[in-house]
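Enquirer: What follows is a protein structure lacking sequence information:
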């Protein structure tokens, strides 16, 4: 490894220590400092692999201040620093974004050392569409805010991926049931790579029963993978036309098109053009 200033983004195991790569171990041993989210948690990992590199704390509450100190070590002392999180790939629902941004702004190399990532690990074993997906991380803790976010994702056709804590998993599934409907299929990936790893699939109605029947399945950290809204579940063109005609019987063209757009999740301009065609008019009276 070249002895030049650099920030290394080092992925660590999400459970099974056997997933720690040789390159990750060598990097953590050779850098001048390791920035860790929780130094007590990381201490166990480092001791296991015989890594005695000095460790600094970088977490969500001190990231701005700590980033400046680390940047000074990189710029003025020419040192090399590795960033790790409590588990998995740093920055994924974890602190580190501000540090990486600052380092890149100063043209210092940022070198990724790839490895485990809970969302990718879960997705690869889920049986859901892996070609197109979106990661939303942790949803809001408050029920109203959480439901509002889910409602905004109601018609998303890509696979949806969330993280969730054990004490909120049942609340999340209940809210998803209310917003997405009983038949939406979901995969719950729990305690990945650990002794009690569980990857369980079912529709939302089935998952509510499963979680309530076995409280042990509510333990551990979760990746929640939800199938996207299927085109077959969306409004067909014939149904859109029927809705538009009904609205046009009661409302002016612009209002009918706007309301149809809300009901069908369609584009307002397209529906307005369809409304004009249905009424045989060139403009709204």
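Expert: It's in. For clarity, every value in this text was computed on a predicted model and none was experimentally measured.

Enquirer: hmm, who's touching stretch 49-68?
Expert: If you take Cβ atoms under 8 Å, 6 or more residues apart in numbering as the criterion, stretch 49-68 is touched by 20, 25, 28-29, 31-39, 42-43, 45-46, 69-70, 82-83, 95-96, 98-99, 102. Glycine gets a C-beta too; all of them are placed from N, C-alpha and C.

Enquirer: Which helix or strand contains the residue lying closest to residue 250 once chain neighbours are set aside?
Expert: Nearest residue to residue 250 in three dimensions, chain neighbours excluded: residue 256, at 7.7 Å (Cβ to Cβ, 6 or more residues apart in numbering). Under the criterion of DSSP states H and E, residue 256 resides in helix 253-264.

Enquirer: packing partners for the next helix or strand after that helix?
Expert: Using DSSP H and E, the next helix or strand after helix 253-264 towards the C-terminus is helix 268-279. If you count contacts as 3 or more Cβ pairs under 8 Å, 6 or more residues apart in numbering; DSSP states H and E, helix 268-279 packs onto helix 237-248, helix 253-264.

Enquirer: Show me the one of the ones you listed that comes nearest residue 199.
Expert: Comparing these by their distance to residue 199 (Cβ to Cβ), the top pick is helix 253-264, with 35.0 Å.

Enquirer: which secondary structure elements does that closest one contact?
Expert: Judged by 3+ Cβ pairs under 8 Å, 6+ apart, helix 253-264 is in contact with helix 237-248, helix 268-279.

Enquirer: Turn those into JSON lines, including mean neighbour count, distance to residue 7 and mean pLDDT.
Expert: Output for these, formatted as JSON lines (neighbours: other Cβ atoms under 10 Å; distance: least, Cβ to Cβ, whole Å; pLDDT from 0 to 100):
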{"stretch": "helix 237-248", "mean neighbour count": "16", "distance to residue 7": "52", "mean pLDDT": "83"}
{"stretch": "helix 268-279", "mean neighbour count": "16", "distance to residue 7": "46", "mean pLDDT": "84"}
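
Enquirer: Switch those helices over to a markdown table; also include distance to residue 127.
Expert: What follows is these, written out as a markdown table (distance: least, Cβ to Cβ, whole Å):
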| stretch | distance to residue 127 |
| --- | --- |
| helix 237-248 | 30 |
| helix 268-279 | 34 |
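
Enquirer: Quick one: closest of those helices to residue 77.
Expert: helix 268-279 (57.6 Å).

Enquirer: how far off helix 237-248 does the closest one point, in degrees?
Expert: Note on geometry: by axes from the mean of the first three to the mean of the last three Cα atoms, to 10 degrees, helix 268-279 and helix 237-248 are set 70 degrees apart in direction.

Enquirer: contacts for helix 268-279?
Expert: 240-241, 244-245, 248, 253-254, 256-258, 260-261, 264, 282-283.

Enquirer: cool, stretch 24-44 as well?
Expert: 1, 8, 10-12, 46, 49-51, 53-59, 66, 70, 73, 79-86, 94-95, 99, 113, 115.

Enquirer: contacting residues for the residue nearest to residue 250?
Expert: Neighbouring residues of residue 256 by Cβ under 8 Å, 6+ apart: 244, 247-248, 250, 275.

Enquirer: and it, what pLDDT?
Expert: The model reports residue 256 with a pLDDT of 90.

Enquirer: Whichever strand or helix holds residue 43: what's the following helix or strand?
Expert: Using DSSP H and E, residue 43 falls within helix 39-48. Proceeding N to C from helix 39-48, the next assigned helix or strand is strand 55-57, under DSSP H and E.

Enquirer: which parts of whichever strand or helix holds residue 206 are buried?
Expert: Using DSSP H and E, residue 206 sits within helix 204-213. For helix 204-213, burial by neighbour count (16 or more other Cβ atoms under 10 Å) applies to 204, 207-208, 211.

Enquirer: from the residues you listed, which is closest to residue 146?
Expert: residue 204 (14.7 Å).

Enquirer: I'd like to know how many residues surround residue 177.
Expert: Other residues within reach of residue 177, judged by other Cβ atoms under 10 Å, total 18.

Enquirer: which ones are touching the nearest residue to it once chain neighbours are set aside?
Expert: Spatial nearest neighbour of residue 177, chain neighbours left out: residue 204 (4.2 Å); criterion: Cβ to Cβ, 6+ apart. By Cβ under 8 Å, 6+ apart, the residues touching residue 204 are 173, 176-177, 180-184, 186.
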